[in-house]
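Q: Give the three-dimensional model of this entry:
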Amino acid sequence: MNFPKASPFQPPRTLVRLFYFAAFALSVAVYVAIYKYLWRFVSYPIELEWREGSMWLHALAQSYGVNIFASDKVAYANANHGIFDHIIKGNLIRAFRFLEPQYILRVFVLLFPAISCWAIFVHSRRKFPTIVALISSLCLSGAMLIAVHDIGHWNTCIGRSDSTAFTLLIFAYLCYTTQARTCGARLLRHCSYLTIALVLSTNWRIYPVALMIPLIMEQHQDALRIRELIRIYLLILGYTLATCALFIVVWFHSDASMYYRYFFGFFSAKSPMPPSSAPFQMMIHYVRIPAFAFLIIFSVLPAFIEAERIILKHSFHWPRILAAIAISLSLLISISAFKMNFMAAGYWYLCPQAIVLFVYYHTRYKIGPGLASAILVLGLGILSRSENLPLMRWYYSQLGETLPAARKYTEELVLLDRAFGVYSEEAHLFKRSATLSPIDMGDVAEAFANANYYGPRFTAVFSEQKSRLTSHEPVLVFVGGCASSAVKELAENEEYCLWLKSPAPAIGGGVYVRVDHIEDVQRFLMGPTAISP
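A: Residues are numbered from 1 along each chain as shown. A predicted model of the protein is given here:
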C-alpha cells in the first residue's frame, strides 16, 4: 500500500501574517527613529564640526565656477579625501539655490538609508515575493544602519565625504547584476564599475574596501571565472584612471603632482599634517563598542566556514572561497585605515566594513523575514549596550535645545555678511554668495603655507590674507578653535570685541567686531532688516 508522503510543518496563514505584520511594524518603527535622528542633524543650520563648513566652501566655490586648486584668490587645504564630493554638491547648489547649505551638504546622510533599503530590496526581490522581500530588506537595512551609526556615531551624520562614499558603496551593490546577459544588465554592471571607481575620487581610504564588492557578488557563480574577474577589474581600473585623468586635466591643468599632494599626500611624511596613529594596545583599550566585536567576528567567520568545508567535506567552491577571503581582507584594510588615524577619533573608518559585511551575507545566504527580523533585534540589543548610545542621546538633545538659537544666529550672520562681510576661516555655512572666504581652515592653511606644501600660489594667498588681518581691515571676524594665529590674536586685541557667540554644542567661537564699527552694526541690526527676537 502506498501512503502519501508527510508534508513538512506549515504554520497557519494567520500566524504567518501576524508575524509579517509585527516584523514590518518593527522595521518601519526603526526606520522612522533613524530618520528622526538623522533629520535633527541634517536640518541643524550651523556646522557640526569645523571641517564640515570647509566642505561647504569647496562646493560653493565649485557652484560659481571657481577652481579652488588654481585660483589666485583662494587657498583651500581641506579637500584631502577626494574631489568628487564637492563637485557633485557644487552641482546640487547650482540646481537648488533656494536650499539652505546644511541640506545640500548633508544630502547623502539622508540618501544613504533610502538607497540601502532599495538596494537590498532589489536583490531580495529575486528570491522572495514582493511583501516578503520588502519586510526582509527593511529589517536588514535597518540593522545595517544601526551598526553604521553606532560605530560612526555622529560623524556619519555630517556633511563630509564619508556619507557620500557610503552611498556610492551601496549604489555599486544596487547596480551589480550577477547575470549580465541583456543590454540593460550590462549597462548596470558598468554603472557599478564606474561607481566603484568614483569612490577613489570621493574618499580614497574606502576605495580598497569597494574593490571587494565584485568578488563578493561573484560568489553567486557555480564556478570560478578567472577571465571574467580579470575583465571586471580591468574595467574598474580603466574607469578609475579615466575619472582621475579627467579631474587632473580639468581642475589641475594636467599637474598630476599637485593632484597627488592635495588628495594622497595630505598624510604623507612630507605633509605638515601627518596621521595620528596609535598602537594596537591603545586601540583595544579605548574601543569597547559591542558592534566592533560583532563586526570582527562576522568578518572572519566566513573564512572559518569555507575552511571547514574544504577540510571536512573536500568542497572547493572557489567563488565563495574568494568572497570569504575578500570580506576578511576588507576587515584588515578597514582596521589599517582606523589605526592610521586613530588618535584623530577615526572610529567611523570601520563603517565601510559594516556595509560590505551586510552585502556579503545578503549575497551569500537566502535571508527571509524571520532571520532578518532576528538580526534587527540583535542590532537593537547591541546598540542598547553600546557606550556610544549615551553620547548620541546627549548630542541629539543638545541639537534640539539649541536649534531655535542656532537658526536666529545663522540668519543674523547671513545679514551681517551681506552688509559688512564676515571674515571666517572655520564656520562657513552662513556664506551664500560668490564672495568667498580666501582660506577654508585657518590653522591647516597656515601649516601648509608655512611649509610651502602646495606651492607659491597657495602660500602667497595665505600671506596676503594674513597681512590683511594684521592691518585690522576686517569689520567682522569669526574666531574659533581652528583659526590661524593671526585670527586668534584678534580675540585678545583691544580693538575687537565679541559680538555673537555660537550656540552650537560642538562649535565654539563667535563673531568679533571692530570697536570703531560697533555702532554701525547696531544700527544695521535695529533697522528694517533686523531679526525679531
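
Q: so where's the stretch 51-200 of the chain uncertain?
A: Applying pLDDT under 70 to the stretch 51-200 of the chain picks out residues 79, 180.

Q: Can you pull out the low-pLDDT segments for the protein?
A: In the chain, residues with pLDDT under 70: 1-10, 79, 180, 269, 286, 343-345, 528-533.

Q: how close does the closest residue to residue 435 other than its chain neighbours get to residue 63?
A: Leaving aside its chain neighbours, residue 435 sits nearest to residue 421 (6.7 Å; criterion: Cβ to Cβ, 6 or more residues apart in numbering). No exception for glycine: its C-beta is placed from N, CA and C like everyone else's. Going from residue 421 to residue 63 by Cβ to Cβ, to the nearest Å gives 19 Å.

Q: So those two - more neighbours on which side?
A: residue 63 (20 against 13; other Cβ atoms under 10 Å).

Q: roughly how far apart are that one and residue 526?
A: 33 Å.

Q: Helices of the stretch 1-150 of the chain, start to end?
A: 13-42, 50-63, 84-95, 101-105, 107-124, 130-152 (DSSP state H, counting those that start in this stretch).

Q: Report the inter-axis angle for the first one versus helix 130-152.
A: When you say that, I think you mean helix 13-42. Helix 13-42 runs at 40 degrees relative to helix 130-152, counting by axes from the mean of the first three to the mean of the last three Cα atoms, to 10 degrees.

Q: Could you do the fifth one as well?
A: The directions of helix 107-124 and helix 130-152 differ by 140 degrees, with the same axes, to 10 degrees as the criterion.

Q: hmm, back to that, kindly reformat the helices of the stretch 1-150 of the chain as TSV containing distance to residue 297.
A: Shown next, in TSV, are the helices of the stretch 1-150 of the chain (distance: least, Cβ to Cβ, whole Å):
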stretch	distance to residue 297
helix 13-42	22
helix 50-63	33
helix 84-95	32
helix 101-105	35
helix 107-124	21
helix 130-152	13
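
Q: Mind checking these for the one nearest to residue 187?
A: Nearest of the helices of the stretch 1-150 of the chain to residue 187, taken as Cβ to Cβ: helix 107-124 at 15.1 Å.

Q: That closest one - contacts with which helices or strands?
A: Applying 3 or more Cβ pairs under 8 Å, 6 or more residues apart in numbering; DSSP states H and E, we find helix 107-124 packed against helix 13-42, helix 130-152, helix 161-175, helix 351-364.

Q: List the buried residues of it.
A: 107-113, 115-117, 119-121, 123-124 (16 or more other Cβ atoms under 10 Å).

Q: Quick one: end-to-end distance for stretch 37-46.
A: 17 Å (Cα to Cα, to the nearest Å).

Q: Run through who's touching it.
A: 48, 100, 102-103, 106, 109-110, 113, 149, 154, 157-158, 392, 396, 399-400, 403, 406-407, 409-410, 427, 429, 502-504, 507 (Cβ atoms under 8 Å, 6 or more residues apart in numbering).

Q: Now with 6 Å, please.
A: 102, 106, 109-110, 157, 399, 406-407, 410, 504 (Cβ atoms under 6 Å, 6 or more residues apart in numbering).

Q: Can you pull the domain assignment for this protein?
A: Following automatic domain parsing, the chain resolves into domains at 22-45+100-386, 46-99+402-533.

Q: Would you agree residue 501 is in contact with residue 510?
A: Yes. In this structure, residue 501 is within contact of residue 510 by Cβ atoms under 6 Å, at 3.8 Å.

Q: Which one of the two is surrounded by more residues?
A: Between residue 501 and residue 510, counted using other Cβ under 10 Å, residue 510 has the larger neighbour count: 18 against 12.

Q: Can you report phi and psi for that one?
A: phi -170, psi -180 (degrees, to the nearest 10).

Q: Is it correct that it is in contact with residue 503?
A: No. Counting by Cβ under 6 Å, residue 510 does not reach residue 503; the two are 9.6 Å apart.

Q: Now do stretch 209-221: distance from first to last residue.
A: Termini of stretch 209-221 sit 21 Å apart (Cα to Cα).

Q: buried sites along it?
A: 209-219, 221.

Q: Identify those among those that sit within helices.
A: 209-210, 212-217 (DSSP state H).

Q: from those residues, which single one is nearest residue 492?
A: Closest to residue 492, out of all of these and judged by Cβ to Cβ, is residue 209, at 45.7 Å.

Q: the strands in the stretch 301-450 of the chain, which residues?
A: 422-424 (DSSP state E, counting those that start in this stretch).

Q: Tell me, how many residues neighbour the residue lying closest to residue 208 once chain neighbours are set aside?
A: Excluding the flanking residues, the one nearest residue 208 by Cβ to Cβ, 6+ apart is residue 333, at 4.6 Å. When counting by other Cβ under 10 Å, one arrives at 20 neighbours for residue 333.
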